[in-house]
Every structure is written in C-alpha cells, then in structure tokens.
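>>> kindly return the folded structure for what I paste below:
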Amino acid sequence: MLDILLTPIRALRMRYIPLLLIYFSYGSSVFTAIAENFWVKDTLDMSASDLAELAVWLTVPWTVKMIFGQMVDSIKIFDSNRKPYVYIGAILITLSSVLMIAVVGDYAIVQGFSKKFIYVIASIIAIVGFVIQDVVADTMTTEVVDKSQSQDQINQELAMIQVLSRISLGLAIFLTGWIGGELADVFSDNREVVFMIALFVPLLSILGVSLVKLNAVAISPVNKQVLFGGLVFAVFIVLMGYNDVPYSQEIVFIVSLGVVLYLLLGLINDLDAQTIKHIKMAMIVIFVYRAMPTVGASLSWWQIDVLGFDESFFAKLSAIGGGIALAGMWFSAKFIIKRNIAEVLIFLTIIGTLLSLPILAMYYDVHIWLGIDARAVVLVDTAISSPFHYIAQVLMLTLVAIHAPEGKKGTWFALMASLMNTALAAGGLLTKYLNKFFVVSREIITDGVVTSVQNYTQLGGLLWIVIGTGLVIPIAVILKFNPNKA
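Residues are numbered from 1 along each chain as shown. Predicted structure coming up:
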C-alpha cells in the first residue's frame, strides 16, 4: 500500500516541473466554469443545441493544433522554441479574462457589442492560448524522459509522465473548481469578480518555464506541407464560420478529418508496415472512444431548475469529483502503466455506463420513491465515477507518446491532438443533432417577458440514447481494432 502511495512521488523529477505547471494552469481554467455556466443560463438566449454548436466551433483551435506543433518544432522566437510560446499563450488567456470581466460586469468598453459576440470571442481567444501552451507541454512530455534506459523503461516513464500530468490537471480541477464555485456563490450578484481573480491562471504557466531552466532543443526543418497546409485549412474554417455557410460545421468536420488523416499518414509513412498498422488501429480506437455524444447543457439546466442545485453545490461536486479523480489517478498509477490499454478502455466504458444509470433513474423520480435526496445520489455518483475519465485520458495519451517519431514529436502530438479533437467535434455534432431531436428548454425571461418556456419532458429519451451509444459502439470498435492484435 505504501509503495503504491509513494509511486508518483518517487517518479517526480525537477525536469517535469514546467510541463506540470502548464497542465496545472490548464486545469485551473475551471475556476470560472460554474460562474460562467450560471451567467450564460441567466443572461444569454442560447438553446442547448446552440451551446452544443458553439462547443463544436470551440474544438477548431484544437483541430488546427498541427500549425502550432510545427511552429514549436521548427520556428524559434527570441532563440527559443519553447518558452516564448508559453508566454504568448498566457497573454491570450489574460486577454480572454479581461473580455469576460468586461462583458459579465457590463462595462462601457463592450457597450455596443452583443454579449453573445463578446462571450464567443473571449472563449475562442482562451482556447487558442491553452492550445499553444498545450503543444509545448505535450512535446516536453517526450523530451524530459531519460533516454539511457531500455525501451520498456522508457515506455513506462512516458506513461508515468502522463499520470503525473493528469495528477497535476486533477489537482488544479479539485482546488480551483471548488474554490471558484464557492466564490461564484458568494459573488452571485457580481460574477465579474470571479473572472478578475482568475487572472492568476496564466501566471502559473509563466512561473513553470521561468523558474526552471529548459534544456536546449534542436529544431527540425519546417514541414511546409503541415505548416502551410494547416494555415490554409485554418483560413478555410474561419471563412466557413464567418460567412455562415449552410452545414458549415459538417463540412468543416469532414474536411478536418481528411486533412488530419492525410498529414498523419504522411508523417508515419517512413515507418515499417507493422508499426503503421499498429498506429492506425490505435488511431481508430482513440477516435471512436472520443467521438461519443453527451447530453449537453440540458442536463445541468434540469439539475438547476428541477433538482434545485445552486453554485455552492456545484462547487462541492467539483471538489469531490476533482479530489476523488486525483486520488484515483494517484493510487492507480502503478496499475495503469502495466496493463493492456484496450482491455482497460473496455472496462472503463462499462463502468462509465453503469455510473450513468443513477442520473437516468433520478429523471424518472426513482430517488423520490426510495426516499433518497437527489444531492446525495449525485454526490456519491460523482465520487465513484470521477477517476475513470482521467484514467482513459492517460491511456490514450500514452498510446500517442509511445509512437512519437524522433524529431517530429511536436507535430506528432499536435496532429494526434487534432485527431482526438476532431473526434470531439464529431461527438459535438451528434450532441447538437440529438438536442435538435430531443428538444429541451429552460425558462428565459427577457425584459419581463417569457421568451422560452421550461420543458424537460424529452430529457429522458436523450439520456437513454447517449448512455446506450456510449456503451455499445466503443466496445465493438475496441474489440475489432485492438492495437495489441497488430
């Protein structure tokens, strides 16, 4: 037991600190999540499908991550291809926070612009900032490994670095999600205060790369196909979105998937046939696992309007979820790095489905029949389910890290991240369509007039579909394309 407890501590190295602080900064982005969710629900006239559609667009910066990956691999700024990119990301995150302070506080500087427009712009800027920093951190996960070890030891260290990264992320979510949620409750009438305090987030990543000396990293020649192809692709996406082209999201998704797969296959075409087959199977498993739809915003609306959950309770959920996830990741570190990845993903899929059932049961008032408080059910369910999502992320990132080609790691991680986020876009599109079919709405009052009536009658059908597809499809694909069979 003591050995399991001490595993992550023994594995920690000073050279890991910069990337761990970048991940901690990213996890700290949840600090404003509860305040933001309540502000959006109370202020913006956006349906569940509108928010799902926005979520799809917000995956775009992650989809074009290959641009930043190629820059980190090949383009130095002030004689470095690591630290300046972290600073640029921090500046963008700060700008996003300033915009949110202005729009939530209704300051004069944003008067004349719609609140929805400012919210969308601030969200995009923040995502771009985190993407740039994430590219640097992802690349560093392979650079801080001790290359004097055997290949098996290197693979285990790569897995441990991913575990430590998720622990850092989980610790940030645990601390900042809880504190931010409690502050959202305290400042429910002045939510801009929460966004002011959130200005600490970009400082964390700056500390990481400023206090610890980074090793010099050789740059690779610019892959013009990836860099300029990615830039053309990004311009195409912007034009599609700006001109509001019919089915623009669907077109962008299909083109995104084609571009990312083309660039990925070009990146690995010099490997042997067996390795390429193995990588392709891993890519299919990762894509499908990440492409499953969610319920969307309608579930939290129902919890707020029907179950009466407030900011303080959501803060407690965040704290419990983050804390248990952190503990689960900590104690499972030794288990994760030694198990068959495909088998564990099947296990996680089954567990995730079982842990979705209490929420479904509550929709049908089973907790009332049993005399159990809804908050108690959600607290227990959150506590049990929270570690499994992080474990799945570690497993997928470990697969990516193991196959990172030498000299192309920034581009490789960026392209694989693009593939995984294209999968998230697929899940977002499915979520949007499900919310269009199963229409759920909360009450919206504009200038004293009810413009949207509360209606959660179709939430049950939506829950059934999401839970069912999330069980059957991933397991079938994992069994068919288990990369360990290659």
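
>>> nearest spatial neighbour of S96, skipping sequence neighbours?
A126 (3.6 Å; CB to CB, 6 or more residues apart in numbering). For every residue, glycine as well, the C-beta is placed using N, CA and C.

>>> the one you found and S356, how far apart?
Going from A126 to S356 by CB to CB, to the nearest Å gives 29 Å.

>>> more neighbours: which of those two?
Neighbours were counted for A126 and for S356 using other CB atoms under 10 Å; A126 has more, 25 against 19.

>>> what helix or strand does the more buried one sit in?
Element membership of A126 [criterion: DSSP states H and E] is helix 115-143.

>>> the next helix-or-strand element following that helix to helix 115-143, inter-axis angle?
Using DSSP H and E, the helix or strand that follows helix 115-143 towards the C-terminus is helix 151-186. Orientation of helix 151-186 against helix 115-143 (axes from the mean of the first three to the mean of the last three CA atoms, to 10 degrees) gives an angle of 150 degrees.

>>> following helix 151-186, which helix or strand shows up next?
In N-to-C order, the element after helix 151-186 by DSSP H and E is helix 192-197.

>>> elements contacting the helix or strand just after that following helix?
Sequence order places helix 200-211 as the next helix or strand after helix 192-197, per DSSP H and E. Of the remaining helices and strands, those touching helix 200-211 by 3 or more CB pairs under 8 Å, 6 or more residues apart in numbering; DSSP states H and E are helix 17-27, helix 83-104.

>>> so which bits of helix 200-211 are buried?
Residues 201-209 are the ones in helix 200-211 that count as buried (16 or more other CB atoms under 10 Å).

>>> now swap in stretch 297-305 and tell me
297-304.

>>> what's the answer for stretch 454-467, then?
456, 459, 462-463, 465-467.

>>> in a markdown table: these, plus distance to F38, secondary structure and pLDDT.
A markdown table is the format used below for the buried residues of stretch 454-467 (distance: CB to CB, whole Å; DSSP: H, G, I helix; E, B strand; the rest coil; pLDDT from 0 to 100):
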| residue | distance to F38 | secondary structure | pLDDT |
| --- | --- | --- | --- |
| Y456 | 18 | coil | 88 |
| L459 | 19 | helix | 90 |
| L462 | 22 | helix | 92 |
| L463 | 22 | helix | 92 |
| I465 | 27 | helix | 93 |
| V466 | 23 | helix | 91 |
| I467 | 26 | helix | 91 |
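
>>> one step back: ok, now which ones touch the residue nearest to S96?
29, 92-93, 96-97 (CB atoms under 8 Å, 6 or more residues apart in numbering).

>>> wait, what's in contact with the nearest residue to V60 once chain neighbours are set aside?
What sits nearest to V60 in space, not counting adjacent residues and going by CB to CB, 6+ apart, is I237, at 5.5 Å. Counting by CB under 8 Å, 6+ apart, I237 touches 60, 63-64, 252, 256.

>>> list of residues touching the helix or strand containing T469?
Assigned by DSSP H and E, T469 belongs to helix 459-480. By CB under 8 Å, 6+ apart, the residues outside helix 459-480 that reach it are 284-285, 288-289, 292-295, 298-299, 302, 342, 345-346, 349-350, 352-353, 356-357, 359-360, 363-364, 434-435, 438, 440.

>>> let's see it as PDB, backbone CA atoms only.
Output of helix 459-480 as PDB, limited to C-alpha atoms (Å, rounded to 0.1, in the frame of the first residue of the first chain):
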ATOM      1  CA  LEU A 459     -34.600  14.700 -21.500                       C
ATOM      2  CA  GLY A 460     -35.300  11.000 -20.600                       C
ATOM      3  CA  GLY A 461     -35.100   9.900 -24.200                       C
ATOM      4  CA  LEU A 462     -31.900  11.900 -24.700                       C
ATOM      5  CA  LEU A 463     -30.300  10.200 -21.700                       C
ATOM      6  CA  TRP A 464     -31.200   6.700 -23.000                       C
ATOM      7  CA  ILE A 465     -29.700   7.300 -26.400                       C
ATOM      8  CA  VAL A 466     -26.500   8.900 -25.000                       C
ATOM      9  CA  ILE A 467     -25.900   6.100 -22.500                       C
ATOM     10  CA  GLY A 468     -26.700   3.300 -25.000                       C
ATOM     11  CA  THR A 469     -24.400   4.500 -27.800                       C
ATOM     12  CA  GLY A 470     -21.700   5.200 -25.200                       C
ATOM     13  CA  LEU A 471     -21.700   1.600 -24.200                       C
ATOM     14  CA  VAL A 472     -22.200  -0.400 -27.400                       C
ATOM     15  CA  ILE A 473     -20.100   1.500 -30.100                       C
ATOM     16  CA  PRO A 474     -16.800   1.900 -28.200                       C
ATOM     17  CA  ILE A 475     -16.700  -1.700 -27.000                       C
ATOM     18  CA  ALA A 476     -17.500  -3.100 -30.500                       C
ATOM     19  CA  VAL A 477     -14.700  -0.900 -32.100                       C
ATOM     20  CA  ILE A 478     -12.100  -1.700 -29.400                       C
ATOM     21  CA  LEU A 479     -12.800  -5.500 -29.800                       C
ATOM     22  CA  LYS A 480     -12.400  -5.100 -33.600                       C
END
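
>>> that one: how far from the chain's middle?
20 Å (CA atoms, centre = their mean, to the nearest Å).

>>> appreciated, that's everything.
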